[in-house]
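Colleague: Turn this into a model:
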Amino acid sequence: AYDAYSNYAVNASPRTIQLLAEPFARSRVHWAGEHANVNDGTDQWSFGCVHSAFESGQRAAKAVRNELLG
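Modeller: Numbers count the residues shown, from 1 in each chain. Alright, predicted model coming up:
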């Protein structure tokens, strides 16, 4: 909202992103956004931009779908 963006603290690492992206509350809450795009090991992985927010939204949506479908 109005030019909001993520800013990682000094000494943040890929593990920081992984921790921010983990679901909690018995997998009932899933995080998505530029700050929560976990490295998938591909050359296309990115963080801190609109594209990474979209990718993390897809990941979270698939996780919710899988939880609902069992």
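Colleague: so residue 67 touches residue 27, yeah?
Modeller: Yes. At 5.7 Å, residue 67 and residue 27 qualify as touching, with contact defined as CB atoms under 8 Å. For the C-beta atoms, the positions are set from N, CA and C on the backbone; glycine is no exception.
Colleague: Tell me how far stretch 40-51 lies from the chain's centre.
Modeller: From the chain centre to the centre of stretch 40-51 is a distance of 10 Å (CA atoms, centre = their mean, to the nearest Å).
Colleague: and if you look at stretch 36-50?
Modeller: Worked out by CA atoms, centre = their mean, stretch 36-50 lies 9 Å from the chain centre.
Colleague: What of stretch 57-70?
Modeller: Remark: stretch 57-70 is offset 13 Å from the chain centroid, using CA atoms, centre = their mean.
Colleague: Nearest the middle, which residue of the protein would you pick?
Modeller: Residue closest to the average C-alpha location in the chain (CA atoms, centre = their mean): residue 36, at 2.4 Å.
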